[in-house]
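S.K.: Give me coordinates for this.
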Amino acid sequence: MSTGFAVLVLLFATIYLPSRSRDPLFSVFMVLSFTSGISAIFALEHDGYISDFIGFYMREEPYLTTAYGIMMCYWDAVVHYALYLAMIVAISERKSYRNIGLYWVGSLTTNLMVFMLGNLMGKYGSEIRPSFLLNAPFLIVPIWAAPRIFAQPKDLPLVTADKVTSEQKKTLLQRPLDLGLVVYLLFAVAFTLFRGLVVLECPANACFDYLYQHEPYLRDPVAYPKIQMLVYLFYTLPYYCLCIYGLLRPGSTWMPDWALVFAGAIAQMFLHPLRVFIPMALLMLSGREVSTQKGRKKVIHVSEDDSGAVVVQTAPGKVVTHRGGTIILPCRFHYDASAHDADEIRLKWTKVVDPLSFKDVFVAMGQERRAFGSYRGRTALQADGAGDASLVIRNVTLQDYGRYECEVTNELEDDAGMVKLDLEGVIFPYHPRLGRYSLNYHDAQKACLEQDGILASYDQLHEAWLDGMDWCNAGWLEDGSVQYPISKPRDECGRKETAIGVRNYGYRHKEAERYDAFCFTSNLNGKVYFLKTYRKLSFPEAAQACQGNGASVAKVGQLYAAWKIQLLDRCEAGWVSDGSVRYPIVNPRARCGGPEPGVRNLGFPDKKFKLFGVYCYQEAGRASAAKKGAWKGKPWRA
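M.R.: Next up is the predicted model:
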């Protein structure tokens, strides 16, 4: 520390003594341009582009290795260095540097204010060393320089006094640019106030959702983001209000100067994304591969990586449950507990909707927890010891099927793992009353939902084919492809000599092309049964009969689930909810539709025909309106 201080003093004396006749700020800016170079070296070393150049700096000031510290160094090395050089040139040529100087005052003051207060109030407050005091001159210098810069003469306006007077007499509506700026400032006031409330831990749901969905780093225990938001709340917010007043009442001569100061103070905030983009761009230019998963990180199953601060492990393969069950999605992470507090760890579970789309499921940071959408009230962390990020999902639904990502973030480090949630169930082919090949992709999705199912995945269809499924009509799958399983090749299904397997038409146009659907359903929270009646029923009578029995007409998916899982076997045709007539056979026998088990389909007869019985579905625990198995409706004669 003493050596570095001596170097700065020597450099200042070397520049100042020969040039005492010039502006004293000339020497200050020359010294600061040198320190900006040091910041550039530090940032490059931390990101691995140079090594072991200023190792002692990291040991003395560990907070410089945080995301804000690195970005501050980049800002100082690029923007401030350019400003210093510009002001040095202006001083050398005896020109005004007032505008550049005001921008620099705002930028450096805010930069150091956030940096120093964040160090004192954040998690590094207990690690302050004497070298921290070296930052004090960087805060004092712009405060000392500000009056000198403000005292410099302003640039003369390029318009006449009459023109200025004429413009100032116009109303706000006659000044469209000013009107647009007022509207923008009103939005800026509201947004600044909202972000301030967020960091002050506002209990409203909107604050919580914004924090975890958009800016989770505002809760960083390093405290830089929180201090920055508070600076905006208590200093920038009043300035915005004054600017609105100044635009409503033209003639405020203070506005141009303070606009430059606050522009410098605010501009660096929007450069923080460069903390991610600069290293990625350099990696791409050097020809190194960059992971494309979610645009920022790798995805692993089981990893024993010793190069990162955070390593995530998830169970390889998949976990299996059924609808209505409870399942644990396993995920554990390892990190350097001596260097990081457990409350700094951010856990996030998302569901992979498609290769480039993710849906939020659950987030946790410290003691805060939040589930999203349909997962609210059904999800929680298992919390089985340190490093356990496993997610518990209760009352599993069909829509829960799919791949989930467990992401663990710890300041600059993150890692993720994938877990696949599979469901026990049954695939069933489906087409509506309109006939085969009448559904586009969106119609197929809707049709499956209406019949207590979802569009099946390729994995589910392939597993059904391995179990012997054979179906000659092509149908939509959930990924937008069209396929069909063939176990017994024949001429009417793609030629007899063609190999068995799942035939694939590829990804088809979801709006224009029409096929059948392959749906998937799982366990029932109830029972499907054939309702005994004194006579055959039309479809309206069947619906009334089930309702009178405290039930509803069974859906196609419910009938398939009862056949596959509850082993429902009934050699008697009955109405189901889509107007078709079907019956389930577990044990094939004569006069029951052939030698193979399955759900027999007699098509879509006229709903007025009184030729069939009905299959009803009754939820578990639902009180029956009458004794199960006997209909107490209108007593028609047989």
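S.K.: so what's residue 389 closest to, chain neighbours aside?
M.R.: With Cβ to Cβ, 6 or more residues apart in numbering as the criterion, residue 389 has its nearest non-adjacent residue at 4.4 Å, and that residue is residue 331. (C-beta placed from N, C-alpha, C; glycine too.)
S.K.: quick check: domain ranges of this protein?
M.R.: For the chain, the domain assignment from automatic domain parsing gives the residue ranges 1-155, 293-423, 427-521, 525-619.
S.K.: Averaged pLDDT, the second one. What do you get?
M.R.: Meaning domain 293-423. For domain 293-423, mean pLDDT rounds to 77.
S.K.: surely residue 501 meets residue 469?
M.R.: No. The pair residue 501 and residue 469 fails to qualify as a contact (Cβ atoms under 8 Å) at a distance of 11.6 Å.
S.K.: buried set for stretch 522-542?
M.R.: For stretch 522-542, the neighbour count (16 or more other Cβ atoms under 10 Å) marks 522-524, 526-531, 533, 536-539, 541-542 as buried.
S.K.: What of stretch 144-156?
M.R.: For stretch 144-156, by 16+ other Cβ under 10 Å, it's 145-146, 149.
S.K.: By mean pLDDT, show me the worst of the domains of the chain.
M.R.: When I compare the domains of the chain, domain 1-155 is least confident, with a mean of 72.
S.K.: picking that back up, find residues that contact each of residue 501 and residue 469.
M.R.: residue 485 (Cβ atoms under 8 Å, 6 or more residues apart in numbering).
S.K.: Report how many residues lie close to residue 245.
M.R.: Residue 245 has 11 neighbouring residues, counting by other Cβ atoms under 10 Å.
S.K.: try residue 263
M.R.: Neighbours of residue 263 using other Cβ under 10 Å come to 13.
S.K.: Show the backbone phi and psi for it.
M.R.: When read as degrees, to the nearest 10, the backbone of residue 263 gives phi -60, psi -40.
S.K.: pretty sure it is touching residue 104, no?
M.R.: No. Counting by Cβ under 8 Å, residue 263 does not reach residue 104; the two are 10.8 Å apart.
S.K.: Against residue 163, how distant is residue 250?
M.R.: 13 Å (Cβ to Cβ, to the nearest Å).
S.K.: Looking at these two now, which is surrounded by more residues?
M.R.: Neighbour count, other Cβ under 10 Å: between residue 250 and residue 163, residue 250 has more, with 17 against 11.
S.K.: Next, give phi and psi for the more buried one.
M.R.: Torsion angles, degrees, to the nearest 10, at residue 250: phi -60, psi 150.
S.K.: three-state assignment of residue 419?
M.R.: At residue 419, secondary structure determined by DSSP: H, G, I helix; E, B strand; the rest coil is strand.
S.K.: Contacts only, for it.
M.R.: Residue 419 touches 314-315, 318-319, 329-331, 403-406, counting by Cβ under 8 Å, 6+ apart.
S.K.: JSON lines for the residues you listed, including distance to residue 88 and neighbour count?
M.R.: Output for those, formatted as JSON lines (distance: Cβ to Cβ, whole Å; neighbours: other Cβ atoms under 10 Å):
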{"residue": "314", "distance to residue 88": "55", "neighbour count": "26"}
{"residue": "315", "distance to residue 88": "61", "neighbour count": "18"}
{"residue": "318", "distance to residue 88": "64", "neighbour count": "12"}
{"residue": "319", "distance to residue 88": "64", "neighbour count": "16"}
{"residue": "329", "distance to residue 88": "59", "neighbour count": "26"}
{"residue": "330", "distance to residue 88": "60", "neighbour count": "18"}
{"residue": "331", "distance to residue 88": "54", "neighbour count": "27"}
{"residue": "403", "distance to residue 88": "57", "neighbour count": "17"}
{"residue": "404", "distance to residue 88": "56", "neighbour count": "24"}
{"residue": "405", "distance to residue 88": "51", "neighbour count": "23"}
{"residue": "406", "distance to residue 88": "52", "neighbour count": "27"}
